[in-house]
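Asker: Model the structure of this input:
(2 chains)
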2 protein chains.
Amino acid sequence: MSERDLGDRFPAVGDGKELEPGDSFHKEEVQLALRNGGMPLEGLRYPITPTGMHFLLVHFDIPEVDAKGWRLKVGGLVSKPMSLTLDEIKARPAVTTVVTMECAGNGRALLSPRPISQPWLLEAIGTAEWTGTPLRGLLEEAGVSEEAIEIVFSGLDRGVQGGELHSYERSLSTADARREEVLLAYEMNGQPLQPQHGYPLRLIVPGWYGMASVKWLAGVEAVAEPFQGYQMSQTYRYSQEADDPGEPVTLIRVRALMIPPGVPDFATRTRLAEAGPVRLRGRAWAGRLAVSRVEVSVDGGSSWAEAEPGEEVSPYAWRGWSFDWQATPGRYTLCVRATDSEGNVQSVDQRWNYQGMGNNMAQRVDVVVE
Amino acid sequence: MSERDLGDRFPAVGDGKELEPGDSFHKEEVQLALRNGGMPLEGLRYPITPTGMHFLLVHFDIPEVDAKGWRLKVGGLVSKPMSLTLDEIKARPAVTTVVTMECAGNGRALLSPRPISQPWLLEAIGTAEWTGTPLRGLLEEAGVSEEAIEIVFSGLDRGVQGGELHSYERSLSTADARREEVLLAYEMNGQPLQPQHGYPLRLIVPGWYGMASVKWLAGVEAVAEPFQGYQMSQTYRYSQEADDPGEPVTLIRVRALMIPPGVPDFATRTRLAEAGPVRLRGRAWAGRLAVSRVEVSVDGGSSWAEAEPGEEVSPYAWRGWSFDWQATPGRYTLCVRATDSEGNVQSVDQRWNYQGMGNNMAQRVDVVVE
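Answerer: Residues are numbered from 1 along each chain as shown, chains lettered A, B, ... in the order given. The predicted structure is shown next:
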């Protein structure tokens, strides 16, 4: 089957509206949520997210890859095309980096009206130790032509999205691809990649939302024109309506999250806490930037107080924060927001866009104190 | 805070109806689906589910357990109460067993009307190699009194459910607890348990739905009366209405699932396959029983043909099956159903119950063949 428009055979979810005005989710959205697991927010207690708690977003199916037959093809506008085995990649210089990854759609299902797609609330995050070889060295060895302006990364995952049959492919500018932190990773948390995280090899682009870190990587190609594949031109865009091409989604926006205090109600996740001192804890991150400030509100965002900064793990990972709250009986809506080193601050209100991308509005946690 | 009725402060989801007549899911159900991840169905290709792909159901929060301070208390009607460190448990005789686990609520969200809880479709399954020490030996050493009729297992996870603040606790009859396959497990797939799977120790009750396999195990207590805790008396019941106590949910019912063939549409998961021979594959299981037959329908359940049985992994785990389909262009609804060694067969129609337990109706997969 070739690439072509399959929209008539794969109609959109529900009645085809791409926005949902209410709090009423389609079965297809639930089906995606069950496949694409988030990190339970109590997972914020770990500086490195335990394997299996890291969020996951798989557009199509997890491919079945036999590493013996697998090769990474490096081609296009290069002087020395290559076809590398996994062992050859592992024999190259190795680097381990701690990286916080977030899905660009995190916060989508908190928007009103709600764009119909993977319905993330706040849990599309995770931090891992990725081990691999810098992409830069490989590009140098391949000899990327001066005509090349982008590098296209092709995954083995394939399916239909927006009526188009395609493999998952994304590009980076040659400058971004040559940054020293960009890795071809074959280990996560000291173990070979799990199948769902891109086995045998994936790209890791620290500071960018997760869509840039192509999994099940099979091809690296230098090209002379901007790549216009579906996952670049049709989605991962900050747009205001269906026909607005908007701007591409790139780096992770500043965000802080808290570990919900006390214990949960099973169905609603509303919290029950005991009156007295409650230490609120969490983590904050800002893509390539630093987090300069974290603030907490215990009155739903009306007033804010400064939190204590905590441990830093790596330049591309979240850092801890804490705040001591003297809780007295009552109902509270706790909020947290962060500011990055360029002065960007999370808003309490939504910054709506048509695809529900990069929604970093401040977290709200309902707590009953007794 | 003591155990008591908190229903006024933790009202039910939505307007408080426990059943939802339509295809319209509440945000709270989506929130649960994002925390409690399922196994993507292509994961059926692995005889042992890769770590992180196994389904997960956590009623409250994942507890933070320091294994150094943790102890397993064995008490109640025993002649020799014990308090054991993790090292002492690991020093006991060790067994490794492959077990297929399924959530009792698997299939709940396919029911009509839909009970409001974790909205599983079909993915609340997984198979792992569990390593631990048989519970039986520990009970023998503790000397369970003849007065004892049940063993109560207490987890460290705690929260509000149905308006009651409680720790997660379940019981087994002394006869069930003494069965040789019941394990106190500290490893999953050759690694220490991940926090979300019960670190440092959990119960594994092969053949039972997952609620019996208490995670973050802290207490084992022999008692003379039937245990009436919330997780025994109020939920995990086959009932027909809110006030019907019904029957307790116990062993896993027979079920077969298939790996959806071809490639998916991102949003709907409808499949696209090429005309020609298509090998359908999947796995089937039946709790403590054997799977005696697997059948496939390519016409939505009107007619059935026998599938080939495949590899068996262990008496308590799923077995493979396959079926060769000559696919011609068109739209199809594929179904699969299994029969167990006592002659129970999955139905094509729902077997409705009020809490949405044990719904093993046959899987349906929509496929477009081109």
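
Asker: ok, now which ones touch the closest residue to chain B within chain A?
Answerer: Chain B sits closest to A:Gly37 of chain A, with a gap of 2.8 Å, by C-beta to the nearest C-beta. For every residue, glycine as well, the C-beta is placed using N, CA and C. Counting by C-beta atoms under 8 Å, 6 or more residues apart in numbering or on different chains, A:Gly37 touches A:Phe55, A:Leu56, B:Leu34, B:Arg35, B:Asn36, B:Gly37, B:Gly38, B:Leu56.

Asker: Quick check on those residues: which are buried?
Answerer: Buried residues within the contacts of A:Gly37, counting neighbours by 16 or more other C-beta atoms under 10 Å in any protein chain shown: A:Phe55, A:Leu56, B:Leu34, B:Arg35, B:Asn36, B:Gly37, B:Gly38, B:Leu56.

Asker: got JSON lines for those residues, with pLDDT and secondary structure too?
Answerer: Shown next, in JSON lines, are the buried ones among the contacts of A:Gly37 (pLDDT from 0 to 100; DSSP: H, G, I helix; E, B strand; the rest coil):
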{"residue": "A:Phe55", "pLDDT": "98", "secondary structure": "coil"}
{"residue": "A:Leu56", "pLDDT": "97", "secondary structure": "coil"}
{"residue": "B:Leu34", "pLDDT": "98", "secondary structure": "helix"}
{"residue": "B:Arg35", "pLDDT": "96", "secondary structure": "helix"}
{"residue": "B:Asn36", "pLDDT": "97", "secondary structure": "coil"}
{"residue": "B:Gly37", "pLDDT": "94", "secondary structure": "coil"}
{"residue": "B:Gly38", "pLDDT": "98", "secondary structure": "coil"}
{"residue": "B:Leu56", "pLDDT": "97", "secondary structure": "coil"}
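
Asker: Export the residues you listed as TSV, with columns for distance to B:Gln326.
Answerer: Listed next are the buried ones among the contacts of A:Gly37 as TSV, based on distance: C-beta to C-beta, whole Å:
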residue	distance to B:Gln326
A:Phe55	40
A:Leu56	35
B:Leu34	40
B:Arg35	42
B:Asn36	38
B:Gly37	35
B:Gly38	31
B:Leu56	38
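
Asker: Please tell me I have it right and A:Thr131 contacts A:Arg92.
Answerer: No - taking contacts as C-beta atoms under 8 Å, A:Thr131 lies outside contact range of A:Arg92: 11.7 Å.

Asker: Which residue ranges of the stretch 201-350 of chain A form helices?
Answerer: A:230-233 (DSSP state H, counting those that start in this stretch).

Asker: tell me which parts of it are close to chain B?
Answerer: A:Pro260, A:Val263, A:Pro264, A:Asp265, A:Phe266, A:Ala267, A:Thr268, A:Arg269, A:Thr270, A:Leu272, A:Glu274 (C-beta under 8 Å from any C-beta of the partner chain).

Asker: my read: the third one touches B:Val160, true?
Answerer: Yes - here A:Pro264 reaches B:Val160: they are 7.1 Å apart, a contact under C-beta under 8 Å.

Asker: Please say which of the two ends up with more neighbours.
Answerer: B:Val160 (28 against 25; other C-beta atoms under 10 Å in any protein chain shown).

Asker: which element is the more buried one on?
Answerer: Secondary structure from DSSP states H and E places B:Val160 in strand B:150-161.

Asker: That strand close to chain A?
Answerer: Yes - Strand B:150-161 is in contact with chain A by C-beta under 8 Å from any C-beta, via B:Arg158, B:Gly159, B:Val160, B:Gln161.

Asker: can you pull the contacts of A:Val30?
Answerer: A:Pro119, B:Phe25, B:Glu29, B:Val30, B:Ala33, B:Ala109, B:Pro119, B:Leu121.

Asker: Export those residues to CSV and append columns for secondary structure and pLDDT.
Answerer: Shown next, in CSV, are these (DSSP: H, G, I helix; E, B strand; the rest coil; pLDDT from 0 to 100):
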residue, secondary structure, pLDDT
A:Pro119, coil, 97
B:Phe25, strand, 94
B:Glu29, helix, 95
B:Val30, helix, 97
B:Ala33, helix, 98
B:Ala109, helix, 96
B:Pro119, coil, 97
B:Leu121, coil, 98
